[in-house]
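A.B. asks: need a structure here:
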Amino acid sequence: ESDVTKSQYDASFNRVRFYGTFVSDGTVYDHIQFSNRGKASTYQSGKNKWGFYFNRTRDFQATDSWGRPYAETWNSLALNANASPWAPVHRGSAGVEEALSHRIHELAGVPALRTHYTHFRVIDSPNESGETQYDGDLWGLYLALEPTEGNFINERGLPSGNIYSINGGLGEKKHQGDAPQPADASG
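C.D. replies: Sure thing, here's the model as predicted:
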């Protein structure tokens, strides 16, 4: 319980990884790591984003919105909180704008993240307790985002290449493609 509280509500633990167990569709992924996600929006809305990091020998088998397994397993899982701390007018949109933008790009032929909604529960004590909707295990609706790594390329049958996450500046390399791809951030 204290690890969840530190991760999600204490800024001195921003992006610090903790250990836990993740259960999805009856499959138990033990000894995984989790942390909060986000940059400037972290700790703003009361509902943070989560990052889960699976063990190298046991990737996560995610399923789409219709329960069909994705072709490639995921070594990490990003859950977006569907909260909009910088634009309160969009707080009730439940992440529709993000899911829709990825889908529109994909329909236009641009490789984009696959997303699906999931309800998320955090079991941090032996018994679910609380007298209000804010005190129990259910944390609400989240948007699951496909990782932008090698599985992203393989899922779409694309040739090997580097993948970068660009949020201003050079960006962060997420995947190193096979040679002759640049090994540095030059592209």
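A.B. asks: And the helices in the protein?
C.D. replies: For the chain, the helices defined by DSSP state H occupy 2-9, 96-107, 150-156.
A.B. asks: Tell me which of the ones you listed lies nearest to residue 127.
C.D. replies: helix 2-9 (15.6 Å; CB to CB). Where you see a C-beta, it was placed from the backbone N, CA and C, and this is true even at glycine.
A.B. asks: what comes up buried for the closest one?
C.D. replies: Within helix 2-9, the residues scored as buried using 16 or more other CB atoms under 10 Å are 4, 6, 7, 8.
A.B. asks: Spatially, which residue comes closest to the residue sitting nearest the centre point of the chain, not counting chain neighbours?
C.D. replies: What sits nearest the mean C-alpha location of the chain, by CA atoms, centre = their mean, is residue 78, with 0.5 Å. Leaving aside its sequence neighbours, residue 78 sits nearest to residue 145 (CB to CB, 6 or more residues apart in numbering; 4.3 Å).
A.B. asks: thinking the one you found is in contact with residue 113, fair?
C.D. replies: Yes. With contact defined as CB atoms under 8 Å, residue 145 reaches residue 113; the gap is 5.3 Å.
A.B. asks: can you map out the strands along this structure?
C.D. replies: 18-24, 27-37, 49-53, 76-80, 115-121, 138-145, 163-165, 172-175 (DSSP state E).
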